[in-house]
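1. Below are the sequence and a predicted model; questions follow.
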Amino acid sequence: VQSTSKVQMNCKENAETYRVIKAVDKRGFKDSGYHIRDKDLGKIHRAACEGNVARVQQILLLRKNGPNDKDKRNRTALHLACAGGHPAVVTLLVKWKCQLNLCDNENKTNLPPCQQEECTSILLEHGADPNLVDVKGYTALHYAVLGQNISIAAKLLSHKANIEARDKDDLTPLLLAVSENEQQMVGFLLRNQLEALSLYFRTALILAVNFASSSVVRLLLEQGVDISPQDRYGRNAEDYAVIKGHQITPHHQLDTRPKARLV
């Protein structure tokens, strides 16, 4: 068997061929890829597995298979094109309005097998859901972690993948990266998690100011939440305090007392 870091395929239509499409083989992760037997495949699945765009197009035009037809393991042509890293086939199937979130026998959609950024981008840009889970509780982000694929992880996060999603072992993508000793991935996810946490606290501070919750404002400020970052309207917590006629004091207080009017 060749290196498991590469996609391994041996496509012969007329032979009983055992093929493997996988990205990595760690901690039982070999099941993230696809073990493929020709007898399990329909015409369109075989063509998609090979990356044969012209053949897939011909099969669809002749209506020998539809874009959502499944093989004996409930995989669509899109599953196999994504697993094999064939963006041209993925693009064609999307143009034929294939469903993006169909699941195979392991409840995987098309995103988890993707270890090729272009295929991932096509799916996400056309509305694929990055937060669906398979039988192990893995999301696409968990698979990106196990595939050591930071570019795909970044793409998933930019399309609202849940960085706090937990698998059946109660591991988030970050904890999974730690357990796999993936130093670069740990650093990447940690930075993203801290940014998300910072945004969460800034949003909480602005809400507390708007609702004149003095005690909550003080608590957040004492925890070091920065008042200077702006929201999408270009305002920060201090701006909202002024709009409400309040003031954030140097002592972490929200002064809500009415200001004396100048005569």
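-> Everything's here; your move. Residues are numbered from 1 along each chain as shown.
2. Now do the end-to-end distance for stretch 135-143.
-> 13 Å (CA to CA, to the nearest Å).
3. Report the mean per-residue pLDDT for that stretch.
-> The average pLDDT within stretch 135-143 is 96.
4. Okay, buried residues for it please.
-> Within stretch 135-143, the residues scored as buried using 16 or more other CB atoms under 10 Å are 136, 138-143. C-beta here means a position set from N, CA and C on the backbone, and glycine is covered the same way.
5. chain center to it: distance?
-> 10 Å (CA atoms, centre = their mean, to the nearest Å).
6. Kindly report the same for stretch 186-195.
-> 14 Å.
7. what sits up against it?
-> By CB atoms under 8 Å, 6 or more residues apart in numbering, the residues outside stretch 186-195 that reach it are 145, 150, 153-154, 157, 163, 173-174, 177-178.
8. cool, and stretch 84-94?
-> Contacts for stretch 84-94 (CB under 8 Å, 6+ apart): 7, 9, 21, 47-53, 56-57, 67, 77-78, 81-82, 100, 114-116, 118-119, 122-123, 126.
9. Show me how to select, in PyMOL, the buried members of those.
-> Buried residues among these (16+ other CB under 10 Å), as a PyMOL selection:
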select buried, resi 7+9+21+47+48+49+50+51+52+53+56+57+67+77+78+81+82+100+114+115+116+119+122+123
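10. Now go through the contacts of stretch 84-94 and say which are in helices.
-> Among the contacts of stretch 84-94, the ones falling in helices (DSSP state H) are 47-50, 53, 56-57, 77-78, 81-82, 118-119, 122-123.
11. And the residues you listed, which is closest to Asn210?
-> Checking the ones in helices among the contacts of stretch 84-94 against Asn210 with CB to CB, the nearest one is Leu123 at 38.1 Å.
12. per-residue confidence for that closest one?
-> At Leu123, pLDDT is 98.
13. What of Pro250?
-> pLDDT for Pro250: 65.
14. related to what we said a few turns ago, same list (the buried residues of stretch 135-143) but as TSV, adding secondary structure and distance to Leu92.
-> Shown next, in TSV, are those (DSSP: H, G, I helix; E, B strand; the rest coil; distance: CB to CB, whole Å):
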residue	secondary structure	distance to Leu92
Lys136	coil	30
Tyr138	coil	28
Thr139	coil	26
Ala140	helix	22
Leu141	helix	27
His142	helix	28
Tyr143	helix	24
